[in-house]
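>>> coordinates for the following, if possible.
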Amino acid sequence: MKTAFINANIVLKNEIIENGALLVEDGVITRVGKDFPIARDFAYVDVEGKYLAPGFIDIHTHASDRKFFMEAPEECAKYHLEHGTTSVYPALYFSMNTEQYVAAIKQMKEAKNNTVNIEGVYLEGPYLNPKFGCDKEHCPWKDKADPEKFMPIVDEAKDFAVVYCVAPEREGILDYVKAVREANPNAVFSVAHSEAAPEQCEALIPYGLKIGTHFTDATGKVHRWPDVEIVGVGPDEVVLLHDEMYAELIVDEFGIHVDPYMLKLARKVKGDDKLILISDAYAADGPVPEGYDGVTDINFDWTGEIAGSKINLASAVRNMMKHTGAGIVEAVRMATANPATAIGVTDRGEIKEGMKADLIIIDDKINVSAVFKNGEQVI
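Below is the predicted model:
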């Protein structure tokens, strides 16, 4: 199949081609630019002056706006596809036991065959700090890392998981990390739900620790001196300091997960290439606590704890632009090229020749009007 996208403002990694054209052959981008001849055997898609951008890549989401992936994987995948996410990695949470993790990974493998955009899984656990995050009272992973408990998960996930979250302060965590690396030499680790000291985090960087899960959310600080007014340090500061580390950001409408001032600071320190927008969509149904009047895109558990979001990556890009002044090029990059690079995906996430034609048509408010997977329209 040969398709020509015309009259498009094409969002590249670092610039926009105005009134450009893009050619796709057999699902792959073959030419990008403007004012070049197009053969008669191409089918035409008129973008009508809107933006043609890479499809979003959500490496960390648990649900649609109402259901968990494990409840309805095809429905959740379609929800994210409708909002421009052409590659999605369902996140499996630390409230599951060994058997449930293994079953969930198998379920997502099967779901990949029945959807166009499920590409793998994101393991938000098992060994996180049970002091942090929603639903913590149901965490079955409070003991020392035990191969008998974690190896069935490692074995099932080895060809499918792209990110393994860990709390570096957990006892025996290095045994778990080494087991994962042996099973999956390309494993990427993320510090999550943690109050680890900087040196505990840094000890895992040589093993592939390169992401900070939902930066500034569900993280603690180490206070080395008795005076608690002395600001402590922890995983967030490690993410800021180390140039090679990426920061995941949940960017909701009111800047609750990450304050807009912190978003601007993260941009200043990390640069636009080391920020990853995630939805961290969740399906908790607890009541909205006092003080959150008017908030509709955040979930709460029944203890009043914030439990992820109801956003998608289209709204995350929109909110990032609103809160920080980032342009469409920079904000789209945070939802496409950056997550792809972080997890080692090299065939999508950017518009250039040779890449898969995972594309979306959006307006300047990031409203999605069409979605293409491997060059074929799916929404």
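>>> find the nearest non-adjacent residue to residue 157, please.
If you skip the residues right next to it in sequence, residue 157 has residue 105 as its closest partner in space, 5.3 Å away by C-beta to C-beta, 6 or more residues apart in numbering. Backbone N, C-alpha and C define where each C-beta goes, glycine included.
>>> which SS state does the one you found fall under?
helix (DSSP: H, G, I helix; E, B strand; the rest coil).
>>> that one contacts residue 92, doesn't it?
Yes. Using C-beta atoms under 8 Å, residue 105 makes contact with residue 92 at a distance of 7.0 Å.
>>> overlap of the contact sets of those two?
Overlap of the contact sets of residue 105 and residue 92 (by C-beta atoms under 8 Å, 6 or more residues apart in numbering) consists of residue 121.
>>> among these two, which residue is more densely surrounded?
residue 92 (27 against 23; other C-beta atoms under 10 Å).
>>> what is the neighbour count of the nearest residue to that one once chain neighbours are set aside?
Nearest residue to residue 92, sequence neighbours excluded (C-beta to C-beta, 6+ apart): residue 104, at 5.0 Å. The local packing of residue 104 (other C-beta under 10 Å) involves 23 other residues.
>>> with residue 168 instead?
For residue 168, using other C-beta under 10 Å, the count is 27.
>>> send the alpha carbons of stretch 154-161 over as CSV?
Listed next in CSV are the C-alpha coordinates belonging to stretch 154-161 (Å, rounded to 0.1, in the frame of the first residue of the first chain):
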residue,chain,number,x,y,z
VAL,A,154,11.1,-12.8,35.5
ASP,A,155,10.8,-15.8,33.3
GLU,A,156,7.4,-14.9,32.0
ALA,A,157,8.3,-11.3,31.4
LYS,A,158,11.7,-11.6,29.9
ASP,A,159,10.8,-11.1,26.2
PHE,A,160,7.8,-8.8,26.9
ALA,A,161,8.5,-6.3,29.7
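>>> just checking, next helix/strand downstream of the helix or strand in which residue 59 is found?
Following DSSP states H and E, one finds residue 59 within strand 56-61. Later in the chain than strand 56-61, the nearest helix or strand by DSSP H and E is helix 73-82.
>>> who touches that following helix?
Residues contacting helix 73-82 (C-beta under 8 Å, 6+ apart): 58, 61, 63-65, 67-69, 88, 90, 107-108, 111, 114-118, 279, 312-313, 368, 371, 373, 378-379.
>>> let's see 7 Å
Contacts of helix 73-82 with the rest of the structure, by C-beta atoms under 7 Å, 6 or more residues apart in numbering, involve 58, 61, 63-65, 67, 69, 88, 107-108, 111, 114-118, 312, 371, 378-379.
>>> are any of those buried, and which?
Neighbour-count burial within these applies to 58, 61, 63-65, 67, 69, 88, 107-108, 111, 115-118, 312, 371, 378-379; the criterion is 16 or more other C-beta atoms under 10 Å.
>>> I'd assumed residue 355 was in contact with residue 12.
No. Look at residue 12 against residue 355 with C-beta atoms under 7 Å: they stay out of range, at 11.0 Å.
>>> list the beta-bridge partners for residue 249.
residue 277 (DSSP bridges).
>>> ok, it - contacts?
Per C-beta under 7 Å, 6+ apart, neighbours of residue 249: 215, 258, 263, 266, 275, 276, 277, 278.
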